[in-house]
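**Q** Pasting a predicted model and its sequence here:
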Amino acid sequence: MPKPEYCSNIPVLKQPADKPSFSVRLLEWWDEHGRKDLPWQHPRSAYRVWVAEIMLQQTQVKTVIPYFERFIDHFPDVQSLAVATSDEVLALWSGLGYYARARNLLKTAKICLRDHAAQLPQTPEELVALPGIGESTANAIYSQAYNQPAVILDGNVKRVLARYCAIEGWPGKSSIHQQLWKTAKQLLPSGRGADYSQAIMDIGATVCSRTKPACSQCPVNDDCQAFCTNSVQHFPTPRPALKIHKKSFHMLILTDHKGMVLLERRPPVGIWGGLWSLPADDNEQLLHQRLGINGDTLQSLPSLQHQLTHIHMTIMPSIGHTEPASTSVECTSDQRWFKAQQWPTLGLPKPVRQLLETYLESGRK
Ligand code: SF4
């Protein structure tokens with residue numbers, strides 16, 4: 001039996017001659033077991049699919065669903081999102097992480113309002129030209145919103161294809177990505193674009209899962225190269241170990257007698273870009289000097305650990321009181337006192353929200 005072209009890097013295995021194609025088996029499985037009640041599927045507009053696809057980058061469906069529902073309640077279409085402030089958007093994104101996604105969502109909405117009559121453009125070529133939309137995301141929007149066949153390659157799909165064709169190498173590497181893309185293209189059916197995209201994502205999320213794939217229930221196990229060679233655990237090749245940097249800094253919870261708290265907006269790019277944060281600095285003395293605070297009046301709080309993808313943070317917080325009008329804490333445009341009712345609605349980094357909820361009366365449930 002000839003070696004299938006999409007599995008050209010691996011030894012020939014016996015192919016089941018009596019089996020329908022990969023896509024036919026996948027679609028039959030999806031018709032019976034696939035997810036058909038996700039909130040962005042009803043209705044399945046380009047705008048809703050776009051928002052969902054951006055939220056789903058690096059994030060699981062169950063985490064995304066409540067964020068998606070809140071976001072769509074506030075911003076039901078491109079027009080409403082395009083006129084929002086970045087504070088409003090970041091507030092609804094708060095806790096979902098990877099905040100550049102939210103900033104790009106807003107930028108893209110503004111471009112669509114200006115250049116595309118407040119609609120997402122309809123071709124992958126135009127979609128991929130927008131901020132935050134890569135090739136796979138553009139195709140996911142195109143296939144799902146317009147029911148067109150298009151290659152998608154999110155983390156779940158990469159895992160399925162790496163196993164099905166026993167493709168060696170970390171999928172984040174460009175040459176491996178290209179190989180997976182070529183494979184995905186060859187397996188793509190000509191019809192049912194939306195269902196097939198959902199089917200291949202669903203099989204990755206629910207059957208071909210990362211740690212415990214349910215191969216016995218998989219519709220393509222007869223010719224899955226990893227399963228047939230009893231080597232599922234070797235695929236996909238894991239990412240090379242990341243160098244984790246350690247970062248320690250001081251953070252200050254400063255309140256006034258009315259319970260207002262001082263927050264500072266982070267620079268637009270970099271860690272927590274554009275979010276409101278407690279004043280922070282690597283150097284405690286400089287932090288106190290900048291805010292005009294006497295360090296002796298502050299109370300130290302237990303330190304807090306927080307992990308980003310490649311940074312391990314140790315936050316050393318302290319708390320104190322002052323009055324905005326009578327101290328040198330004068331607000332700049334990126335520095336404001338927020339009332340107890342205001343800060344919970346802001347876009348805040350997770351550990352900052354955690355500190356405020358723990359140590360301020362207003363944060364206690
Ligand atoms: Fe994944 Fe197992 Fe199916 Fe292969 S047989 S695609 S490893 S679930």
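**A** In hand now; what should we look at?

**Q** So what's the gap between stretch 247-267 and the chain middle?
**A** Stretch 247-267 sits 27 Å away from the centroid of its parent chain (Cα atoms, centre = their mean, to the nearest Å).

**Q** buried ones in that stretch?
**A** 250-256, 260-266 (16 or more other Cβ atoms under 10 Å). Backbone N, C-alpha and C define where each C-beta goes, glycine included.

**Q** from the residues you listed, which single one is nearest residue 176?
**A** residue 266 (34.6 Å; Cβ to Cβ).

**Q** hang on, the earlier thing: report the entries of the buried residues of stretch 247-267 that also contact the ligand.
**A** With Cβ under 6 Å from any ligand atom as the criterion, these include none near the ligand.

**Q** And those, which is closest to residue 358?
**A** Nearest to residue 358 among the buried residues of stretch 247-267, with distances taken as Cβ to Cβ, is residue 253, at 9.5 Å.

**Q** host element of the closest one?
**A** strand 245-255 (DSSP states H and E).

**Q** Can you check what pLDDT the model gives residue 26?
**A** At residue 26, the pLDDT value in this model is 97.

**Q** list the helices and strands the helix or strand hosting it packs on?
**A** Assigned by DSSP H and E, residue 26 belongs to helix 22-33. Using 3 or more Cβ pairs under 8 Å, 6 or more residues apart in numbering; DSSP states H and E, the elements in contact with helix 22-33 are helix 193-202.

**Q** Compute the inter-axis angle for the helix it packs on and helix 22-33.
**A** 80 degrees (axes from the mean of the first three to the mean of the last three Cα atoms, to 10 degrees).

**Q** I'd like to know which elements helix 193-202 is packed against.
**A** Checked by 3+ Cβ pairs under 8 Å, 6+ apart, helix 193-202 has helix 22-33, helix 135-146, helix 155-164 packed alongside it.

**Q** among the ones you listed, which is nearest residue 45?
**A** Short answer: helix 135-146, nearest of the helices and strands packed on helix 193-202 by Cβ to Cβ, at 6.4 Å.

**Q** gap between the closest one and the chain center?
**A** 17 Å.

**Q** quick one: that helix to helix 155-164, angle?
**A** Using the same axes, to 10 degrees: helix 135-146 against helix 155-164 is 110 degrees.
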